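Asks: Prediction below, plus the sequence it came from.
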Amino acid sequence: MNSKSPLKVIVAMPAYNVSKTLAKTVAAVPQELRKNILLGNNVSEDDTARLAEELGLQVITHEKNLGYGGNLKRLYREALRQGADVVVEVHPDYQYEPSLADVLVEYIARDHFDVIQGNRIRSRDESLAGGMPLYRYLGNRALTLFENMWFGVTFGEWHSGMRAYHRRVLEALPLETYPDTHAFASDILMDCVMFGFRVAEVPVPVRYEGQSSSVNVPGLFAYTARTVGAAFKRPPWKKKPYGSAR
C-alpha cells in the first residue's frame, strides 16, 4: 500500500464449511494483507479449521454456530482488541473478489472515507453473468431502491458482504444490537449512514459457485421484512450530517 502512515489491517473471514474455497480465497488476498487474517469458524462440519491453520490463519472456533452476524461481531471485537486500524470483511467462499481488498483499504488509509464497500451490481448484465440468481438480483434492487430513497443516498447496493471499516466506526456502532443473521449487513450500513460516517463503494466482480453462500427464497422474504423494519426504526430526519462522525 502507498499510504504515508501504515495502518494495521486485519482481514476478517466469517467461515462455515468453506474448505473447498478457502485456499484460493487466501491466495487471492493481496500479499501484504495475508499476514493478518482472522477466521471465525462457525462450527464447520468439514476441514475448514484444519485447513485454515495449515494456511497460517488465526482461527477462532465458536462454541456454537453464531450465525453470519454473530460471527462478524466476534471477529470485529477481536480485531479491535488486536489493535486493528482497519478491518476488512472478506468472505472465504470466493464469491467476492479478494484481490481488491487492498483497494478498499487504501481509500480509508488515505483518509478519504471511513467505510468502503464492494458493490456487486455495477450493471445487471455483469451481476447475472457472475452467476447471481435472478431472484437475488431483483430482491437486491428493490431493497436498495427503498433504502436509498429512505436514507437519501445513492448506493449501488446495501447488502454487500465485502467491506472495510476504520476502527473508529466499529468502536462507535452498537454492534451487539444488530441481528446475528445476514440482516447484520444491512443494519450496520444503516447506522454508518445515520451516525454521519463517510461511506462509499467501489465495484467488485462477483462469482456465484456451488460453494458460495446464498439466502434462499423464503429467507429473502424474511430478510426483506427485517430490513424494512430496521429502516423504519431509523427515521432519516435524525440522520447526522455526512462526515460529522470524525
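Replies: Here it is on my side, so go on.
Asks: Surely Phe155 is in a strand?
Replies: No - judged by DSSP: H, G, I helix; E, B strand; the rest coil, Phe155 forms no part of a strand; its state is coil.
Asks: i'd like the first residue to be 46 from this point on
Replies: From this message on, residue numbering opens at 46, which makes the last subject Phe200.
Asks: give me the number of residues near it?
Replies: By other C-beta atoms under 10 Å, 19 other residues sit near Phe200. Every residue, glycine included, has its C-beta placed from N, CA and C.
Asks: what's Ile161 sitting at in phi/psi?
Replies: With angles defined as degrees, to the nearest 10, Ile161 sits at phi -130, psi 130.
Asks: For it, grab the count of nearby residues.
Replies: 26.
Asks: ok, now which ones touch the residue nearest to Phe229 when sequence neighbours are not counted?
Replies: Nearest residue to Phe229, sequence neighbours excluded (C-beta to C-beta, 6 or more residues apart in numbering): Gly114, at 2.8 Å. Going by C-beta atoms under 8 Å, 6 or more residues apart in numbering, Gly114 touches 223-230, 232.
Asks: Show me the contact partners of the helix or strand that contains Gly163.
Replies: Using DSSP states H and E, Gly163 sits in strand 160-164. With C-beta under 8 Å, 6+ apart as the test, strand 160-164 has contacts from 141-142, 145, 149-150, 152-153, 200-202, 205, 207-211, 214, 234, 237, 242-249.
Asks: Just the buried residues out of those residues, in PyMOL syntax.
Replies: A single PyMOL command selects the buried members of those (16 or more other C-beta atoms under 10 Å):
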select buried, resi 141+142+145+149+150+152+153+200+201+202+205+207+208+209+210+211+214+234+237+242+243+244+246+247+249
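Asks: Restricted to helices, list the contacts of strand 160-164.
Replies: Using DSSP state H, the members of those that fall within helices are 149-150, 152-153, 214, 234, 237.
Asks: The strand holding Gly163 pairs with which strands, parallel or anti?
Replies: Counting by DSSP bridges, the strands paired with strand 160-164 are strand 208-211 (antiparallel), strand 244-248 (parallel).
Asks: picking that back up, any buried residues in the helix or strand that the residue nearest to Phe229 is a member of, and which?
Replies: Using DSSP H and E, Gly114 sits within helix 112-126. Residues 112-121, 123-125 are the ones in helix 112-126 that count as buried (16+ other C-beta under 10 Å).
Asks: Name the strands paired with the longest strand seen in the chain and say parallel or antiparallel.
Replies: Longest strand of the chain, by residue count under DSSP state E: strand 54-60. Sheet pairing here is set by DSSP bridges, and for strand 54-60 it gives strand 82-86 (parallel), strand 131-134 (parallel).
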